[in-house]
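S.K.: no letters, just coordinates:
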């Protein structure tokens with residue numbers, strides 16, 4: 001209670017004091033650019049994925065724009081040690097995402113290399129994944145996908161390094177006949193989800209859908 005008084009939680013956008021479990025105030029919430037389309041319809045994420053690998057469905061929660069509130073939210077999650085942001089984003093997703101009759105069998109998220117995990121202290125996708133898993137009653141597996149090489153943050157790579165994802169990931173256990181929902185934070189070139197998706201598809205008679213927190217537009 002004393003810490004709350006001395007260091008109150010403030011809105012990421014306007015700096016107004018807000019409740020401890022919130023990221024932004026009600027006034028600023030309307031400035032988030034949510035992407036309003038259905039999971040199963042054609043949309044920008046699905047269209048880009050189609051160019052890279054066979055995709056079932058795709059969904060992005062928000063737009064990741066330069067100097068935007070959405071960008072601040074993602075950076076709060078990834079670089080400022082606010083892991084709870086993943087849970088908040090997942091709760092926003094559950095208010096908007098309806099799988100209808102195309103509910104996946106399993107949720108898996110893009111992994112961090114063990115060295116990066118030690119540096120950050122948490123995988124920014126795990127709490128997001130676990131919150132979705134509980135709400136939709138879909139099992140998750142944090143260990144299905146393995147990152148084979150340590151690399152710097154995607155945002156810091158040049159374009160050529162972003163494209164070079166060969167042998168970056170592998171599947172750690174047999175998986176076949178599953179519809180897997182792959183989770184990532186920001187969709188940029190799509191090469192990360194493409195690399196993982198091909199590993200999943202080549203592992204057996206599997207299908208892949210993609211859900212990202214934000215799409216770089």
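M.R.: Arrived safely, thanks for sending. What you are looking at is a predicted structure, and each value in this text was computed from that prediction instead of being measured.
S.K.: so residue 171 bridges to which residues?
M.R.: residue 145 (DSSP bridges).
S.K.: give me the number of residues near it?
M.R.: 17 (other C-beta atoms under 10 Å). Backbone N, C-alpha and C define where each C-beta goes, glycine included.
S.K.: my guess is residue 122 meets residue 83, correct?
M.R.: Yes: Residue 122 is within contact range of residue 83, at 4.9 Å (criterion: C-beta atoms under 8 Å).
S.K.: who has more neighbours, these two?
M.R.: residue 83 (18 against 13).
S.K.: if I look at that one, how far off is residue 205?
M.R.: Here the criterion is C-beta to C-beta, to the nearest Å. By it, residue 83 lies 35 Å from residue 205.
S.K.: what does residue 61 give?
M.R.: In terms of C-beta to C-beta, residue 61 sits 29 Å off from residue 205.
S.K.: and what of residue 123?
M.R.: Taking C-beta to C-beta, one finds residue 123 at 28 Å from residue 205.
S.K.: repeat for residue 139
M.R.: According to C-beta to C-beta, residue 139 and residue 205 sit 19 Å apart.
S.K.: now do residue 85
M.R.: 36 Å.
S.K.: neighbour count winner among the two?
M.R.: residue 85 (22 against 9).
S.K.: so what's the more buried one closest to, chain neighbours aside?
M.R.: residue 77 (3.8 Å; C-beta to C-beta, 6 or more residues apart in numbering).
S.K.: tell me the SS of the closest residue to residue 110 other than its chain neighbours?
M.R.: Leaving aside its chain neighbours, residue 110 sits nearest to residue 184 (4.7 Å; criterion: C-beta to C-beta, 6+ apart). Under DSSP: H, G, I helix; E, B strand; the rest coil, the three-state class of residue 184 is strand.
S.K.: enumerate every residue touching residue 184.
M.R.: For residue 184, the contact set (C-beta atoms under 8 Å, 6 or more residues apart in numbering) comprises 109-110, 125, 192-193, 210-213.
S.K.: what's the neighbour count on residue 105?
M.R.: Residue crowding around residue 105 was assessed by other C-beta under 10 Å; the count is 14.
S.K.: quick one: it from residue 36, how far?
M.R.: Distance from residue 105 to residue 36, by C-beta to C-beta: 27 Å.
S.K.: cool, residue 202 as well?
M.R.: Distance of residue 202 to residue 36, computed by C-beta to C-beta: 34 Å.
S.K.: again with residue 18
M.R.: 25 Å.
S.K.: same question, residue 54
M.R.: 26 Å.
S.K.: and what of residue 199?
M.R.: Taken as C-beta to C-beta, the span from residue 199 to residue 36 is 31 Å.
S.K.: which one's more surrounded, those two?
M.R.: residue 199 (20 against 7).
S.K.: that one: what secondary structure?
M.R.: Per three-state DSSP, residue 199 ends up helix.
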